[in-house]
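J.: no FASTA, just this:
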Ligand code: UD1
C-alpha cells in the first residue's frame, strides 16, 4: 500500500502549472462517442478515474490511446450499448456514458454507478432528465434499461441543478431534431467546457454557465482536437497548501474567474491574492485568521470539492470558523483524523465548528476520499513532525502526483510503500 510521507514546517514557495480538470476530461471523454471520427484530447492528466473511463470506452468498442498526455479516442468500432458492470462500479462518472450511448444507439443498459442503491448515491435527476426527453427507463435488479426509440427534443426542468445530470442531458440531446431547453441547469465551469467541446465538434449548444441551456439538434458531429479546461480544484488545493504554510506561490494555467469564491475565503483568512488572465499569486501571512462561515453551494457558490481543504486550513487559524456542507451529506469524514493531529473540530450533521489551535502534530492518517486525502496532506504540511497519509490511491483519482506538485513548491513530501 502506498502512502504520502510529509514532514511539516516547510514554507511553500515557487511556481506550478495546473493540469486539465478531471471533471472536464471525464464528460468530454464520454461525449467523444457522439462522433464516428477521431477525437484528440491534449494535456490529459494521468488520473485513475480517467484511465477507468478510457477502459470503459474500450469495452464499448472504441480504440483509446494515451501518449505524452494526449488521449486519442477512435469510436469507429463502437458496438456495445451495455456498460461493463465491474468498471461502472469503480467510478461514479460512468453514469456520464448514459446520455451519449442513448444518443448513438437509442438504447442503453447500465448498472447503478458505484454499485450503490439509488437512495444512497442517487441518479434520479439523470433519469428524470432523460425521461423528460422521452426515454423509457426500466429499473430492475440493480440494472437500468433505457429505451430511447421515442426520444425527441423538448423541455427539461431539473428540481436541483445537478452537474452530471445537466451534462448527460446535453450529450443525449445534441442529435435530436429541434431545440431542447434545459431549465435550472447546473452552472459549473466544466459544463461550459463541455459546451465548448460539443460546439467544436459541430453541435449547436448555448447558454452553459447560465440557468438555461439550449441545444439545437444537428445531424452529425465531427472529430476534433481539444484541450480541456485547467483544474480549478487542483489550483485551489495548491493555494490552500501554500496558505497553510505561510507560503508565497504563483500558479499558471489557472481558470481564475472560476475561483473567485475560493479567493474570497483565502482573502478573509488574511492572504493576499493577485490575479492575471490565467495566473494567480498568493502571499500568505505567518498565521491565518479564521473565516466567519463557509457554506458550500452549487457554482458560483463555494465549491464542495474545496470545502475540506479549507477546513484543514481553519484548524490552525486564529479564531473559530464555521463550515456548512450543503451539497453532499458525508463530507466531514476526515474531522476525526484532523482531531488526532491535534485539531479541534466538532461536527454536527452538515455543520462543522472549527476552533483554531496553535499546533498540529504529525500522525498516521488515512484518506477516505479524494478531497479529504488532499486535506490531510495540507494538515501534514502545517504539522510538527511526520505525517503518513494512507490510501494515496484515492488522492490519485484527482491529482496527478500530488507529491510532485507540493514537492516542486518546496514541501518535504514523498510517496512510500507501507507494506511490511
Ligand atoms: C460533480 C463533480 C463532483 C462535485 C459535484 C458538485 C464530476 C465528475 N464530479 O459530481 O466533483 O463535487 O459535481 O459540484 O464532475 N444528486 C441527486 N440525484 C441525482 C444526482 C445528484 O440527488 O441524480 C445529488 C447528489 O447526491 C448531491 C447533489 O445532487 O447531493 C449534487 O450532485 P451533482 O451536482 O450531480 O454532482 P456530480 O455530477 O455527481
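T.: Alright, I've got the coordinates. Computed from a prediction, not measured in an experiment: that's the story for all the values here.
J.: all strands of the stretch 301-420 of the chain, in order?
T.: Using DSSP state E, counting those that start in this stretch, the strands assigned to the stretch 301-420 of the chain run over residues 320-324, 344-348, 351-355, 360-361, 364-366, 383-384, 386-390, 412-417.
J.: the longest one vs strand 386-390, what angle?
T.: Taking axes from the mean of the first three to the mean of the last three C-alpha atoms, to 10 degrees, one finds that strand 412-417 is oriented at 50 degrees with respect to strand 386-390.
J.: and the stretch 251-400 of the chain, which residues reach the ligand?
T.: Residues of the stretch 251-400 of the chain that fall close to the ligand, judged by C-beta under 6 Å from any ligand atom: 304, 305, 327, 328. Any C-beta I mention is one placed from the backbone N, CA and C, and that applies to glycine too.
J.: buried members of these into PyMOL, please.
T.: To isolate in PyMOL the members of those that are buried, counting by 16 or more other C-beta atoms under 10 Å, one can use:
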select buried, resi 304+305+327
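J.: quick one: residues in contact with stretch 326-338.
T.: With contacts defined as C-beta atoms under 8 Å, 6 or more residues apart in numbering, stretch 326-338 is touched by 295-298, 304, 307-308, 311-312, 315, 323, 325, 343, 345, 347, 350, 352, 363, 365-369, 371-372, 375-376, 379.
J.: the least confident helix or strand in the chain by mean pLDDT packs against which elements?
T.: When each helix and strand of the chain is scored by mean pLDDT, DSSP states H and E, helix 85-90 comes last, with a mean of 80. Helices and strands in packing contact with helix 85-90 are listed as helix 48-59, strand 107-111; criterion 3 or more C-beta pairs under 8 Å, 6 or more residues apart in numbering; DSSP states H and E.
J.: JSON lines for these, including mean pLDDT and mean neighbour count?
T.: Listed next are the helices and strands packed on helix 85-90 as JSON lines, based on pLDDT from 0 to 100; neighbours: other C-beta atoms under 10 Å:
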{"stretch": "helix 48-59", "mean pLDDT": "94", "mean neighbour count": "20"}
{"stretch": "strand 107-111", "mean pLDDT": "91", "mean neighbour count": "21"}
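J.: nearest to residue 210, out of those?
T.: helix 48-59 (27.4 Å; C-beta to C-beta).
J.: one step back: quick one: contacts of the least confident helix or strand of the chain?
T.: Residues external to helix 85-90 that are found in contact with it (C-beta under 8 Å, 6+ apart): 52, 55, 56, 59, 94, 110, 111, 113, 114, 115.
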